[in-house]
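Visitor: here is my input, please return the structure:
(one chain, ligands or ions: 1)
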Amino acid sequence: MSNPTPSILVFAGSARADSLNKRLARLAADSVGQQGGNATFIDLRDYPIPLYDGDLERETGIPEHARTLRKLLEQHNGLVVVSPEYNGFITPLLKNTLDWLSRPDQEHEGLVLFRNRVAAVMSASPGGFGGMRSLTLARQLLNNLGVTVLPDQLAIPRAPQAFDEEGRLKDSALQERLDRICARLVNTLARLGAE
Ligand SMILES: Cc1cc2nc3c(=O)[nH]c(=O)nc-3n(C[C@H](O)[C@H](O)[C@H](O)COP(=O)(O)O)c2cc1C
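Guide: As a prediction, this is how the structure comes out:
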């Protein structure tokens, strides 16, 4: 049986132009490519979606950008979700995006989109813990949607100082950990046949 190349959608829960988490997400996408996967990095700033509102959904349906993101998710077997930490939690942007993606429409059953997907979670923060409290919640949310989340995770502390001029992590141990997680994600999806 042939194992097609796993395709992995990579995004961060921040729209900020100088987002540390987007920097980490771009690095994760590079690493996925080096580990033999096909990575697509997307910037959620390019897909603005209104705050979920059941009346809006009833009156005008799923917003166009949410539908585009659903199509992108459909085209990928895996996910890397890079989660900034706000008050020990995931960001409203990440929650809102995943909430809209979980909604059924005429073509989809909603959560079916997430089934059989495998994800890795990561975070970056100026603080000493690297936003790791958000990872437990990002993991829980993805699990609730039906995504299998790898046990390995990465939190980059003091992130404004953590990247070199090429955007790589200055601490080689952290860069190796990032590469190991991306390799595990690619290999897990390849073993599953990347359906
Ligand atoms: C409302 C708010 C709450 C925050 N709470 C935390 C926190 O609990 N832990 C933490 O490490 N950083 C916290 N921060 C700092 C963020 O980690 C920091 O702004 C980070 O750069 C945001 O991610 P981004 O660079 O990807 O946009 C908070 C920032 C904001 C705006």
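Visitor: tally up the residues packed near the nearest residue to Gly61 once chain neighbours are set aside, please.
Guide: Using CB to CB, 6 or more residues apart in numbering and skipping the chain neighbours, the partner closest in space to Gly61 is Asp105 (6.9 Å). Backbone N, C-alpha and C define where each C-beta goes, glycine included. Neighbour count of Asp105, defined by other CB atoms under 10 Å: 13.
Visitor: please identify the helix or strand for the nearest residue to Asp43 once chain neighbours are set aside.
Guide: Among residues not flanking Asp43 along the chain, Lys22 sits closest, at 6.4 Å (CB to CB, 6+ apart). Element membership for Lys22, per DSSP states H and E: helix 20-34.
Visitor: ok, then the element right after that helix?
Guide: Using DSSP H and E, the helix or strand that follows helix 20-34 towards the C-terminus is strand 38-41.
Visitor: next secondary structure after that following strand?
Guide: helix 54-60.
Visitor: please identify the buried residues of the following helix or strand past that next one?
Guide: Next helix or strand after helix 54-60 toward the C-terminus (DSSP H and E): helix 64-74. By 16 or more other CB atoms under 10 Å, the buried positions in helix 64-74 come out as His65, Ala66, Arg67, Leu69, Arg70.
Visitor: what sits closest to the residue nearest the centre of the chain if chain neighbours are left out?
Guide: With distances taken as CA atoms, centre = their mean, the chain has Val81 as the residue nearest its mean C-alpha position (1.8 Å). The shortest distance from Val81 to any non-neighbouring residue, by CB to CB, 6+ apart, is to Val121 (5.2 Å).
Visitor: what's the answer for Gly128, then?
Guide: Nearest residue to Gly128, sequence neighbours excluded (CB to CB, 6+ apart): Pro157, at 5.1 Å.
Visitor: who touches that neighbour in this structure?
Guide: For Pro157, the contact set (CB atoms under 8 Å, 6 or more residues apart in numbering) comprises Ser125, Gly127, Gly128, Phe129, Gly130.
Visitor: contact partners for the last one?
Guide: Remark: with contacts taken as CB under 8 Å, 6+ apart, Gly130 is in contact with Ser123, Ala124, Ala155, Ile156, Pro157, Arg158, Ala159.
Visitor: which helix in this protein has the most residues?
Guide: Of all the segments of type helix in the chain, defined by DSSP state H, the longest one is helix 172-191.
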